[in-house]
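> Sequence and predicted structure are below.
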Amino acid sequence: MDQLYTQAKSEKFMLRLPEKMKEEIRRMADMDGISINSAIVQRLAKSLREERIGDQ
């Protein structure tokens, strides 16, 4: 991926998700062999990059 997110560089953030969304993210994370947290961070980073590109 773009950047390595380590615990030392991270902040804890509590997030509530609808149960079905969490299960979908869990399935996708399992398929990719990563944690749910990593899956969320990767998708959020991608979304933010795409938004920056769209704003140019």
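Perfect, thanks for sending it. Bear in mind that the values here come from a model prediction, so they are computed numbers and not experimental data. Numbering: from 1, shown residues only.
> Return the set of buried residues in stretch 48-56.
Taking 16 or more other Cβ atoms under 10 Å as the neighbour-count basis, stretch 48-56 is seen to contain no buried residue. Using the backbone N, CA and C atoms, a C-beta is placed for each residue, glycine as well.
> wait, I meant stretch 33-44
Using 16+ other Cβ under 10 Å as the burial criterion, the residues of stretch 33-44 that qualify are Ala39, Ile40, Val41, Gln42.
> can you list the residues you listed in a markdown table and add pLDDT, secondary structure and distance to Met28?
Listed next are the buried residues of stretch 33-44 as a markdown table, based on pLDDT from 0 to 100; DSSP: H, G, I helix; E, B strand; the rest coil; distance: Cβ to Cβ, whole Å:
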| residue | pLDDT | secondary structure | distance to Met28 |
| --- | --- | --- | --- |
| Ala39 | 92 | helix | 6 |
| Ile40 | 93 | helix | 10 |
| Val41 | 91 | helix | 13 |
| Gln42 | 91 | helix | 10 |
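> ok, those vs Lys9, which is closest?
Val41 (11.1 Å; Cβ to Cβ).
> for this structure, what are the low-confidence residue spans?
Confidence mapping of the chain against pLDDT under 70 gives the ranges 1-8.
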